[in-house]
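Engineer: Provided below are the primary sequence and the corresponding predicted coordinates.
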Amino acid sequence: MMLTIRQEDLKQIIKAAKGSEVEVCGLLFGKRAGDKILVEEVRFITNRLNSPTAFELEPLEMVRAIDEAEERGLEVVGIFHSHVDCPPRPSGRDLAGMRLWQVVWLIVDERGRYGAWVLREGNVEEVSVILR
Ligand SMILES: [Zn+2]
């Protein structure tokens, strides 16, 4: 599986992660064709847990973001969030979330590392991140 994202979009997420003491999070909008995902838009959403070890997208903001993106013909192709002082791999809590949201999970950390993951038939698979 491949996730293509603009370099400046990824940089923006990492920059936000570096400047935050809590996990930052949001949605990736774009298009999906088979195993190829193209991210057209990154949308930050408030982490309503305001926590350095967990996140939850603020529901109203999330619904609004999805509605606006759908009007432009874009769908939710991924979820992103940051880890604070912890490698960008899915935590146990993330795995539970991945079962509910079966899209690509992009995780970054405050050091600028990143990884993308998807749950397939119960197994976590790494997704290649292609910068454009
Ligand atoms: Zn996480």
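Structural biologist: Arrived safely.
Engineer: Quick check, the residue in the chain closest to the ion?
Structural biologist: The nearest approach of the chain to the ion comes at residue 94, 4.1 Å away (C-beta to the ion). To be clear about C-beta, it is placed using only N, CA and C from the backbone, and glycine gets the same treatment.
Engineer: for the chain, what spans make up the helices?
Structural biologist: 7-18, 59-71, 92-100 (DSSP state H).
Engineer: Residue 132 is nearest to which of the ones you listed?
Structural biologist: Residue 132 sits nearest to helix 7-18 of all the helices of the chain, at 7.0 Å, using C-beta to C-beta.
Engineer: Now for the residue of the chain closest to the ion: which residues touch it?
Structural biologist: 81, 105, 107 (C-beta atoms under 8 Å, 6 or more residues apart in numbering).
Engineer: what does the model give the residue of the chain most remote from its centre for pLDDT?
Structural biologist: Farthest-out residue of the chain from its mean C-alpha position, per C-alpha atoms, centre = their mean: residue 71, at 20.7 Å. Listed pLDDT for residue 71 reads 96.
Engineer: OK, contacts around it?
Structural biologist: Residue 71 neighbours (C-beta under 8 Å, 6+ apart): none.
Engineer: again, but for the one 3 residues further on
Structural biologist: Contacts were defined as C-beta under 8 Å, 6+ apart; by that measure residue 74 touches 29-31, 40-41.
Engineer: ok, the nearest residue to it once chain neighbours are set aside - how many residues close by?
Structural biologist: In space, and not counting its chain neighbours, residue 74 is closest to residue 29: 4.1 Å by C-beta to C-beta, 6 or more residues apart in numbering. Counted with other C-beta atoms under 10 Å, residues neighbouring residue 29 total 22.
Engineer: before we move on, what about residue 85?
Structural biologist: Neighbours of residue 85 (other C-beta under 10 Å): 9.
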